[in-house]
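S.K.: Quick check, what structure comes out for this input:
(one chain, ligands or ions: 2)
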Amino acid sequence: MARKAAIIGGGVIGGGWAARFLLNGWDVAVFDPDPEAERKIGEVLANARNALPALSDVPMPAEGRLSFADTITEAVEGAEYIQESVSERLELKHRVFAQIQQASHGAPIGSSTSGFKPSELQENAADPSVIFVAHPFNPVYLLPLAEVVPSAKSDAKVIENAKEILREIGMFPLHVRKEIDAHIADRFLEAVWREALWLVKDGIATTEEIDEAIRMGFGLRWGQMGLFETYRIAGGEAGMKHFLAQFGPCLTWPWTKLMDVPEFNDELVDLIAGQSDAQSGKHSIRELERIRDQNLIGFMRALKERNWGAGKVLLEHDARRQAAFHADAATPAGAPLALVNTQVLPGYIDYNGHMTESRYLYIASDVSNAFLALIGAGMDYVSAGHSYYTAETHIMHLGEAKLGDRLTGTLQVLSMDEKRLHAMIRVLRGDEVVASLEQMFLHVDMKAGKACAAAPEVLEKLRPIAKAHEALPRPEAAGRYVGQRK
Ligand SMILES: NC(=O)C1=CN([C@@H]2O[C@H](COP(=O)(O)OP(=O)(O)OC[C@H]3O[C@@H](n4cnc5c(N)ncnc54)[C@H](O)[C@@H]3O)[C@@H](O)[C@H]2O)C=CC1
Ligand SMILES: C[N+](C)(C)CC(=O)CC(=O)[O-]
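M.R.: Ligands and ions are numbered 1, 2, ... in the order given. Next up, the predicted model:
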């Protein structure tokens, strides 16, 4: 039988918790007096179903059962874990805890509070020992962090059990050892937020300029190494001590509205440098740089796929270089069309030390996409409901593409009619053909799911290319089947 979680308060955060538990196989009962709560949670859950499973190639367990309770008592009955996510008002949270504890005895009660201390939440509670902070980050169904903050009155076993449950649903419980207003992470968010409000109010930056300042630079760095490891690298070979020596004195300069700073002295330097050594000392600065670089490449490539933030800048830069390639290497008349200019990256190399086979298909689809765009069957055409589908591919590996090789992708039209396009794509290193991919494309009415004639304006562009390519020598690989002797 599935385990049960109760979510009290089903707004932005409660909805995210409900989705995370459900998608991890827990049954979830939600209590929220808002008549819109069911609709809102349904919408959050729909987004979560598209998002959370996409983080892994390992399938999620069968989804748990979602129910909406009429009372807190009904919601918490039989619940092994309770998460309170009502509005950020202490007296409301106290009322809710009192109702929960009339019905539930001993189950851990995590609070999503952004800033109240656990000792404040526990005031006047029937059983303070099971109430603690479990502060998540939006979207709760995707981001792993939950700051788990106990107080002196917390039961250590309950806290450990709660942390284990959070791990089971894929979270990273960060145990906050000393309670403090706004825990750890929200203190940073508040500092940055308040600084940003001043910058906007003082007319120094717009909201958009502030967001660009974050997402084009330090936000990406923070996302993979945080603050201290990033600054350790910024100290160069001399590391954190050098960084502190260089920038410590700025603490008293007016670089921020937050001018209440710790005294910059040897004691502070030793404390920070010592903790940084313990955290990161196992890696040399150069190793850390390489780790950082690979992480940033992963992030930025992901953003590129979404044409978003720093990824948009990369795409624009690629487009400029690609245009320069086409201008320099204008395809001579009567030759296969040179459509793609690419390179072999470390992640493409397989255990045999050469470019892995799936990458040839990537190049071929870049080539065919560029060709389809050229004949007017690009993304606008697809959005309007027609497309060319690849019906058949025969790849011949004729050489080995190695790390760092610069490759060109060309396309030669072998034949065509209204519905079909038969082409030979070649992957070249200089003049050497490393692979050929013979492909048959079918023109399809996407809605009907049937082959049909391409639009006249597409055929008008395709025919002269096909005519010019008739004069080219027929590639030896054309029409070959697997195992055929040359
Ligand atoms: N929105 C955010 O970015 C984050 C918020 N939090 C914390 O999560 C908690 C909830 O915040 P949000 O979800 O953003 O607020 P919200 O306003 O979206 O949701 C609060 C929900 O509580 C419900 N509610 C009010 N009284 C209730 C009661 N007596 N019993 C049950 N439900 C009741 C409301 O109907 C509403 O649906 C707050 O403590 C907040 O500080 C934590 C992390 C991030
Ligand atoms: C703005 N906030 C204080 C509610 C932010 C959080 O608590 C965490 C988050 O998800 O940003």
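S.K.: so residue 77 touches residue 100, yeah?
M.R.: No. Contact criterion Cβ atoms under 8 Å: residue 77 and residue 100 do not qualify, at 10.8 Å. In this view, the C-beta of every residue, glycine as well, is placed from N, C-alpha and C.
S.K.: Pick out whichever of these two has more residues nearby.
M.R.: More crowded of residue 77 and residue 100, by other Cβ atoms under 10 Å: residue 100, with 26 against 14.
S.K.: any idea how far residue 8 is from that one?
M.R.: Applying Cβ to Cβ, to the nearest Å, the value for residue 100 to residue 8 is 7 Å.
S.K.: so what sits against both of these two?
M.R.: Shared contacts of residue 100 and residue 8, defined by Cβ atoms under 8 Å, 6 or more residues apart in numbering, comprise 72, 76, 82, 84.
S.K.: residues near the closest residue to the first one other than its chain neighbours, how many?
M.R.: What it means is residue 72. Leaving aside its chain neighbours, residue 72 sits nearest to residue 99 (4.4 Å; criterion: Cβ to Cβ, 6 or more residues apart in numbering). Residue 99 has 17 neighbouring residues, counting by other Cβ under 10 Å.
S.K.: Pick the one among the shared contacts of residue 100 and residue 8 closest to residue 53.
M.R.: Checking those against residue 53 by Cβ to Cβ gives residue 82 as the nearest, at 25.4 Å.
S.K.: how about the spatially closest residue to residue 166 that is not a sequence neighbour, secondary structure?
M.R.: Sequence neighbours aside, residue 173 is the residue nearest to residue 166 in space, at 4.5 Å (criterion: Cβ to Cβ, 6+ apart). What DSSP: H, G, I helix; E, B strand; the rest coil gives for residue 173 is strand.
S.K.: Can you verify my assumption that residue 173 contacts residue 163?
M.R.: Yes. Residue 173 is in contact with residue 163 according to Cβ under 8 Å; the separation is 4.1 Å.
S.K.: Doesn't residue 335 lie inside a helix?
M.R.: No. Applying three-state DSSP, one finds residue 335 to be coil, outside a helix.
S.K.: got the residue ranges for the strands in the protein?
M.R.: 4-8, 27-31, 66-68, 81-84, 109-111, 131-136, 145-149, 172-175, 337-343, 386-397, 406-416, 420-429, 432-445, 450-451 (DSSP state E).
S.K.: can I get the ones you listed in TSV with mean pLDDT?
M.R.: Below are the strands of the chain laid out as TSV (pLDDT from 0 to 100):
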stretch	mean pLDDT
strand 4-8	98
strand 27-31	98
strand 66-68	98
strand 81-84	98
strand 109-111	98
strand 131-136	98
strand 145-149	98
strand 172-175	98
strand 337-343	94
strand 386-397	97
strand 406-416	97
strand 420-429	98
strand 432-445	98
strand 450-451	97
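S.K.: Out of the ones you listed, which is closest to ligand 2?
M.R.: Between ligand 2 and those, the tightest spacing by Cβ to the nearest ligand atom is seen for strand 131-136, at 6.3 Å.
S.K.: what angle separates that closest one from strand 145-149?
M.R.: Angle, strand 131-136 to strand 145-149, by axes from the mean of the first three to the mean of the last three Cα atoms, to 10 degrees: 160 degrees.
S.K.: Strand 131-136 packs against which elements?
M.R.: Applying 3 or more Cβ pairs under 8 Å, 6 or more residues apart in numbering; DSSP states H and E, one finds that strand 131-136 contacts helix 12-23, strand 109-111, helix 118-121, strand 145-149, helix 156-168.
S.K.: Tell me which residues are up against the third one.
M.R.: In other words, helix 118-121. 90, 93-94, 97, 111, 113, 131-133, 149-154, 179.
S.K.: If we use 6 Å, what do you get?
M.R.: Helix 118-121 is contacted by residues 111, 131-133, 149-151, 179 when judged by Cβ atoms under 6 Å, 6 or more residues apart in numbering.
S.K.: Get me the contact residues on the stretch 51-200 of the chain for ligand 2.
M.R.: 114, 137-138, 186, 189 (Cβ under 6 Å from any ligand atom).
S.K.: okay, the lengthiest helix in the chain in PDB with CA atoms only?
M.R.: The residue-count maximum for a helix in the chain (DSSP state H) belongs to helix 285-305. Coordinates of each C-alpha in helix 285-305 appear next as PDB, following Å, rounded to 0.1, in the frame of the first residue of the first chain:
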ATOM      1  CA  ILE A 285      42.600  25.200  -8.700                       C
ATOM      2  CA  ARG A 286      43.100  24.000 -12.300                       C
ATOM      3  CA  GLU A 287      41.000  20.900 -11.600                       C
ATOM      4  CA  LEU A 288      38.300  23.100 -10.100                       C
ATOM      5  CA  GLU A 289      38.400  25.400 -13.200                       C
ATOM      6  CA  ARG A 290      38.000  22.300 -15.400                       C
ATOM      7  CA  ILE A 291      35.000  21.100 -13.400                       C
ATOM      8  CA  ARG A 292      33.500  24.500 -13.400                       C
ATOM      9  CA  ASP A 293      34.000  24.800 -17.200                       C
ATOM     10  CA  GLN A 294      32.300  21.500 -17.900                       C
ATOM     11  CA  ASN A 295      29.400  22.300 -15.700                       C
ATOM     12  CA  LEU A 296      29.000  25.700 -17.400                       C
ATOM     13  CA  ILE A 297      29.100  24.100 -20.800                       C
ATOM     14  CA  GLY A 298      26.300  21.700 -19.700                       C
ATOM     15  CA  PHE A 299      24.200  24.500 -18.400                       C
ATOM     16  CA  MET A 300      24.800  26.800 -21.300                       C
ATOM     17  CA  ARG A 301      24.100  24.200 -23.900                       C
ATOM     18  CA  ALA A 302      20.900  23.400 -22.100                       C
ATOM     19  CA  LEU A 303      20.000  27.100 -22.300                       C
ATOM     20  CA  LYS A 304      20.900  27.100 -26.000                       C
ATOM     21  CA  GLU A 305      18.500  24.300 -26.700                       C
END
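S.K.: Could you tell me the average pLDDT over that helix, please?
M.R.: For helix 285-305, the mean pLDDT works out to 96.
S.K.: what about stretch 221-238, start to end distance?
M.R.: Distance across stretch 221-238, first residue to last, is 20 Å (Cα to Cα, to the nearest Å).
S.K.: just how off-centre is it within its chain?
M.R.: Computed by Cα atoms, centre = their mean, to the nearest Å, the chain-centroid distance of stretch 221-238 equals 21 Å.
S.K.: Quick check: mean pLDDT of it?
M.R.: Mean pLDDT, stretch 221-238: 94.
S.K.: and that stretch with ligand 2, contact?
M.R.: No. Counting by Cβ under 6 Å from any ligand atom, ligand 2 has no neighbours in stretch 221-238; the shortest distance is 13.5 Å.
S.K.: what residues go with each domain of the protein?
M.R.: Listed by automatic domain parsing, the domain ranges of the chain are 4-175, 191-282, 331-469.
S.K.: Highest mean neighbour count out of those domains?
M.R.: domain 4-175 (a mean of 19; mean count of other Cβ atoms under 10 Å).
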